[in-house]
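Novice: turn this into a model:
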Amino acid sequence: MRPGQRNLITDVPGLRVGHAQDAELKSGVTVLLGEGRLAAGVHVMGGAPGTRETDLLAPGTLVGEVDALVLSGGSAYGLASADGVALGLRQRGRGFAVRDRRIPIVPAAILYDLDAGGDPGWIDTPYPALGRAALDAACGAPELGSVGAGTGALAGTLKGGIGSASAVLDDGTTVGALAAANPMGGCVCPRTGRFWAAPFEEAAEFGGRGVPERACAVTKGSAPGTATTLAIVATDAALDAATATRLATVAHDGMARAILPAHTPFDGDLVFAVSTGARPAPDPAGLAALGHAAATCLARSIARAVFLAAPARNDPLPCWRTLWE
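Specialist: The predicted model follows:
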């Protein structure tokens, strides 16, 4: 297993990611979409999730594919970002066919960033416009760090952000992950700045500082519902709703490797899984290998999100680079 060419989720052929953010609001939106509709699943392990249309992704439901996925800041207000994405997709003629109509299927999940130092005094919600802008910005080489849904993210006692990583398996299958890291728990050892995900690091992608000597939980003392790490894992191996859900479930191991503690009552931790279906479906052993790769990519993505965060005005917490680089 080795990183893909760009070490991004967009190493999975056909996927694109777009970000949009508002510097004064200190919040933003991230959108993932493919060239066509994507088989999808989801699994939630945090105690304070905020979601839209995730029930559609359960095995056995009518709609087993999505047109895009949305990760947004803004807490519950951010769910409106999916409206802007759905409208943009409708204008492109994309969506689930119902007679002569197309209805875009756009599941979304949100994180809490209302304490990031931005101006929350808006009257008309800015999130639909941010969603549409993120859709329009979708590309194969998205930025990482303090962008999109990670603009106002806080990770333990450090600034969080958006991270991504990829892996190519021995048989040529590609797996990638994208994470908006905003956990209550910490991602680094407070004494050394070394990342909990360091055993899985590839080519010094988050500093190459080595493995922490011991693990300890570090938190930002969040109030209920004021944290959350959101993630998407993706592959070109063909999956259906059931196997995509299994992939999302196993990928949560990556959060537990990168965040201490993870999946708390204060976090809305969630993983989406998508498949482009370009390669054959895996057998059970192949699905196990996909799950391991997805969890590893997710751990690396979370660490990269914190490592690449950039300072901004009114930040309540420092960036990793300010303290350790």
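
Novice: ok, Gly176 - contacts?
Specialist: Contact analysis of Gly176 by CB atoms under 8 Å, 6 or more residues apart in numbering lists 4, 8-12, 15, 164-167, 233-235, 297. Heads up, the C-betas are built off the backbone N, CA and C, glycines and all.

Novice: quote the end-to-end distance of stretch 176-192.
Specialist: 28 Å (CA to CA, to the nearest Å).

Novice: coming back round to it: looking at the contacts of Gly176, which one is closest to Ala203?
Specialist: Nearest to Ala203 among those, counting by CB to CB, is Ala165 at 10.8 Å.

Novice: am I right that that closest one is in a helix?
Specialist: No - using DSSP: H, G, I helix; E, B strand; the rest coil, the assignment for Ala165 is strand, not a helix.

Novice: for it, which non-adjacent residue is closest in space?
Specialist: In space, Ala165 comes closest to Arg300 once its chain neighbours are excluded; the distance is 3.8 Å by CB to CB, 6 or more residues apart in numbering.

Novice: any idea which helix or strand comes after the lengthiest strand in the chain?
Specialist: For the chain, the longest strand by residue count, based on DSSP state E, is strand 270-279. Where DSSP states H and E defines the elements, the next helix or strand beyond strand 270-279 is helix 284-307.

Novice: quick one: Asp119 from Arg132, how far?
Specialist: Separation of Asp119 from Arg132 (CB to CB, to the nearest Å): 21 Å.

Novice: these two: who's more crowded?
Specialist: Arg132 (23 against 12; other CB atoms under 10 Å).

Novice: next, the contact list for Gly46, please.
Specialist: Gly46 is in contact with 227-229, 263-270, counting by CB under 8 Å, 6+ apart.

Novice: any of those residues buried? List them.
Specialist: 227-229, 263-264, 266-270 (16 or more other CB atoms under 10 Å).

Novice: which one of those residues is nearest to Ala138?
Specialist: For the buried ones among the contacts of Gly46, the minimum distance to Ala138 (CB to CB) is 20.7 Å, reached by Leu270.

Novice: beta partners of that closest one?
Specialist: Note on Leu270: beta-bridge partners by DSSP bridges are Val44, Leu230.

Novice: got the confidence number for it?
Specialist: As predicted, Leu270 sits at a pLDDT of 97.

Novice: do Thr219 as well
Specialist: 69.

Novice: stretch 22-41: end-to-end distance?
Specialist: Stretch 22-41: ends 30 Å apart by CA to CA.

Novice: about what we covered before: let's see which of the contacts of Gly46 end up in strands.
Specialist: Leu270.

Novice: any chance of a markdown table for the contacts of Gly46, columns distance to Gly145?
Specialist: Output for the contacts of Gly46, formatted as a markdown table (distance: CB to CB, whole Å):
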| residue | distance to Gly145 |
| --- | --- |
| Ala227 | 19 |
| Thr228 | 18 |
| Thr229 | 15 |
| His263 | 24 |
| Thr264 | 24 |
| Pro265 | 28 |
| Phe266 | 24 |
| Asp267 | 21 |
| Gly268 | 22 |
| Asp269 | 21 |
| Leu270 | 21 |
